[in-house]
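Engineer: give me the fold of what follows.
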Amino acid sequence: MKEKLIRTWRAVCAFFDKKDVKFSAKRYGIDAMGAMAQGLFCSLLIGTIIKTLGTQLDVAFLTDIGSYAMAVAGPAMAVAIGHALKAPPMVLFSLAAVGWAANAEGGAGGPLAVFVIAIIAAECGKLVSKTTKVDILVTPAVTILVGVALAKWIAPPIGAAASWIGEVIVLATELHPFWMGMIVSVLVGIALTLPISSAAICASFGLTGLAGGAAVAGCCAQMVGFAVMSFKENRWGGLVSQGIGTSMLQMPNIIRNPRVWLPPIVASAITGPIATCLFKLEMNGAAINAGMGTCGLCGPIGVWTGWMDTGFAPTWFDWLGLALICVVLPAILCWAGGWLLRRIGWIKENDLLLN
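Structural biologist: Predicted coordinates for the structure are as follows:
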């Protein structure tokens, strides 16, 4: 019996190897995560940038293009994950439906739901790919059925977990402005870099006013912080892709070395209270902008549109605060923090390099 089990196990392992289904932290936590971040950038984030340009310049054509790009974030992330896992064409194309379902069902946790479900669906699709004479039916059917069934089953709880983070943020807004500013800034900033939607969290809970200003501070600390801190490795391309794109691009590096996350988190803990207590920075534009940071400059633009909508006349002090909170302080604090961690050996050569 024991020998039979061993032979069966070896046969299963050989079959998995043949289908290139390999379970490893690098494959899923680094390769797939990095690809997902690129898929998110090539849909939701670039779409947000284009739509923001269209809105501010009053060009409906650009606004429409941005909206279309934003709408396919789920499929783009899922297909990117499938590509990283070397999925065959029939599986890869089928993941578009899986990504759409997982993102829609996941709510605020949409990107995380897509990440988990697309990996499972892709690997299941690879196992059946080219094993029957009706591959054109079996492979997409298995991939889509597994993926969409999981989307209906586990995506809502993932979304609920992400919303729980939002509830914690809302509770934090009831504290003293100093502690509220620190907690909200850190939590929303972390949510921005994680594969969950900080924008959806802020929109769901209507995070505006001083709490919205703290959220803007935290998101900007992550995006500008990583962009500046990793300039040595990624130069101007990295500065732009992270500074006005997304700090989620650094998630594979964070998984490899979590200590690279310390400077942006510390920066958000500093800029949050400064925003709420010193500059009284409020986000009175659309709540979703509070969770966007400098992606397409949506955070600063949201603050500005809030000033316009409420009839507030900003002084030079308000403009100074906006510049310091969104760009200057995160850049200085994270550059200094990154330099210190490099000096003590906590951040090594290419730890922040984007693939």
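
Engineer: so residue 77 makes contact with residue 43?
Structural biologist: Yes - the pair residue 77 and residue 43 qualifies as a contact (CB atoms under 8 Å) at a distance of 7.3 Å. No exception for glycine: its C-beta is placed from N, CA and C like everyone else's.

Engineer: looking at those two, which is more packed in?
Structural biologist: Neighbour count, other CB atoms under 10 Å: between residue 77 and residue 43, residue 77 has more, with 31 against 24.

Engineer: how close does the more buried one get to residue 213?
Structural biologist: Relative to residue 213, residue 77 is positioned 29 Å away (criterion: CB to CB, to the nearest Å).

Engineer: now do the helices in the stretch 151-300 of the chain.
Structural biologist: Counting by DSSP state H, counting those that start in this stretch, the stretch 151-300 of the chain has these helices, from start to end: 177-193, 198-204, 209-229, 231-243, 251-256, 262-273, 298-310.

Engineer: the ones you listed: which one's closest to residue 48?
Structural biologist: Comparison of the helices of the stretch 151-300 of the chain against residue 48 by CB to CB identifies helix 298-310 as nearest, at 6.2 Å.

Engineer: would you mark the buried spots in the closest one?
Structural biologist: 298-307 (16 or more other CB atoms under 10 Å).

Engineer: any stretches of the stretch 51-200 of the chain with poor pLDDT?
Structural biologist: By pLDDT under 70, the low-scoring segments of the stretch 51-200 of the chain are 166, 170, 197, 200.

Engineer: which residues sit in contact with residue 337?
Structural biologist: With contact taken as CB atoms under 8 Å, 6 or more residues apart in numbering, residue 337 is in contact with 229, 262-263, 266-267.

Engineer: which parts of the stretch 251-355 of the chain are strands?
Structural biologist: With DSSP state E, counting those that start in this stretch, there are no strands along the stretch 251-355 of the chain.

Engineer: mind listing what the nearest residue to residue 289 once chain neighbours are set aside touches?
Structural biologist: Of all residues not flanking residue 289 in the chain, residue 302 sits nearest, at 2.8 Å (CB to CB, 6 or more residues apart in numbering). The neighbourhood of residue 302, defined by CB under 8 Å, 6+ apart, consists of 212, 216, 283, 285-286, 289-290, 292.

Engineer: please redo it, this time with the cut-off set to 7 Å
Structural biologist: Residues counted as contacts of residue 302 (CB atoms under 7 Å, 6 or more residues apart in numbering) are 283, 285-286, 289-290.

Engineer: about what we covered before: which pair in the contacts of residue 337 spans the largest distance?
Structural biologist: Farthest apart among the contacts of residue 337 by CB to CB are 229 and 266. That separation is 11.4 Å.

Engineer: which of those two has more neighbours?
Structural biologist: More neighbours surround residue 229 than the other of residue 229 and residue 266, with 30 against 17 (other CB under 10 Å).

Engineer: was I right to think that one contacts residue 335?
Structural biologist: Yes - if you go by CB atoms under 7 Å, residue 229 and residue 335 touch, sitting 6.3 Å apart.

Engineer: list residues touching both of those two?
Structural biologist: Common neighbours of residue 229 and residue 335, using CB under 7 Å, 6+ apart, do not exist here.

Engineer: residues near the residue lying closest to residue 39 once chain neighbours are set aside, how many?
Structural biologist: With CB to CB, 6+ apart as the criterion, residue 39 has its nearest non-adjacent residue at 3.1 Å, and that residue is residue 80. Other residues lying near residue 80 total 26 when counted by other CB under 10 Å.

Engineer: which residues touch the helix or strand hosting residue 80?
Structural biologist: Residue 80 is located in helix 73-84, with elements delineated by DSSP states H and E. Counting contacts by CB under 7 Å, 6+ apart, the residues outside helix 73-84 that touch it are 31-32, 35-36, 38-40, 42-44, 91-92, 95-96, 98-100, 102-104, 110-111, 114-115, 118-119, 122.

Engineer: one more: stretch 108-119?
Structural biologist: With CB under 7 Å, 6+ apart as the test, stretch 108-119 has contacts from 28, 32-33, 36, 40, 74, 77-78, 81-82, 85, 95, 98-99, 102-103, 105-106, 147, 150-151, 155, 158-159, 161-163, 166, 195-197, 200-201, 204.

Engineer: cool, stretch 341-353 as well?
Structural biologist: Stretch 341-353 is contacted by residues 229-230, 233-234, 250, 253, 257, 259-260, 262-263, 338 when judged by CB under 7 Å, 6+ apart.

Engineer: quick one: residue 37 and residue 247 touch, right?
Structural biologist: No - Residue 37 is not in contact with residue 247 according to CB under 7 Å; the separation is 9.2 Å.

Engineer: give the buried residues for the host helix or strand of residue 64.
Structural biologist: In this structure, residue 64 sits in helix 60-71 according to DSSP H and E. If you call a residue buried by 16+ other CB under 10 Å, then helix 60-71 has these buried ones: 62-63, 65-66, 69-70.

Engineer: got the contact list for residue 195?
Structural biologist: Applying CB under 7 Å, 6+ apart, we find residue 195 in contact with 33, 36, 111-112, 115, 248, 251.

Engineer: overlap in contacts, residue 37 and residue 247.
Structural biologist: Common contacts of residue 37 and residue 247 (CB under 7 Å, 6+ apart): none found.

Engineer: so for residue 210, what's the pLDDT?
Structural biologist: For residue 210, the model assigns a pLDDT of 88.
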